[in-house]
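Engineer: one predicted model, sequence on top.
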Amino acid sequence: MEQKYIEQPNYKEEDRYLRAKKRVKQIEGFYWHLFWYFAVNIFIWVMAYSGSDPDENFFNFGTFSTAFFWGIGLVAHWASVFGKNLIFSKNWEERKIKEYMDKDRFDNNKI
């Protein structure tokens, strides 16, 4: 009698796929945010420049306040998407663990 094996789903692979898909959506969301930041601010600047009086100063805080404050939000969005492992990367983590393990081994050998 021939045994039939039922292929079990690979949950690790599915988890990796879901994490990768979530990461791609986060990156896509940031780039759409960046696109709309430039599109809206360029529109505001063009409208402000075309409607400004030649005697008025185009370069004032009011003209660029939207870009400034929205830019703060954009930087925060960038940091949430790309800055997670900027300082404490996986490589840094592994180096520190190895450093502390080596230090602990050295300290225990002195006893």
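Structural biologist: Looks like it arrived, so ask away.

Engineer: contacts, neighbours, all on C-alpha from now
Structural biologist: Noted.

Engineer: buried ones in the lowest-mean-pLDDT helix or strand in the chain?
Structural biologist: Sorting the helices and strands of the chain by mean pLDDT, DSSP states H and E puts helix 90-110 at the bottom, at a mean of 76. Of the residues in helix 90-110, none are scored as buried under the neighbour-count criterion (16 or more other Cα atoms under 10 Å).

Engineer: contacts for that helix?
Structural biologist: Judged by Cα atoms under 8 Å, 6 or more residues apart in numbering, helix 90-110 makes no contacts with residues elsewhere in the structure.

Engineer: again, but for stretch 25-33
Structural biologist: With Cα under 8 Å, 6+ apart as the contact definition, stretch 25-33 has outside contacts at 74, 77-78, 81.

Engineer: can you give me the helices for the protein?
Structural biologist: In the chain, the helices defined using DSSP state H lie at 11-51, 61-82, 90-110.

Engineer: lowest average confidence across those helices, which one?
Structural biologist: Ranked by mean pLDDT, those bottom out at helix 90-110, with a mean of 76.

Engineer: distance from the chain centre to it, please.
Structural biologist: Averaged C-alpha coordinates place helix 90-110 at 30 Å from its chain's average position (Cα atoms, centre = their mean, to the nearest Å).

Engineer: ok, stretch 32-40 next?
Structural biologist: Centroid separation for stretch 32-40 versus its chain: 16 Å, with Cα atoms, centre = their mean.

Engineer: burial count for Lys12?
Structural biologist: A total of 9 residues lie near Lys12 under the criterion other Cα atoms under 10 Å.

Engineer: what residue lies at the spatial centre of the protein?
Structural biologist: Computing the C-alpha centroid of the chain and ranking residues by Cα atoms, centre = their mean puts Val81 first, at 1.5 Å.

Engineer: residues in contact with that residue?
Structural biologist: Residues in contact with Val81 (Cα under 8 Å, 6+ apart) are 26-27, 30.
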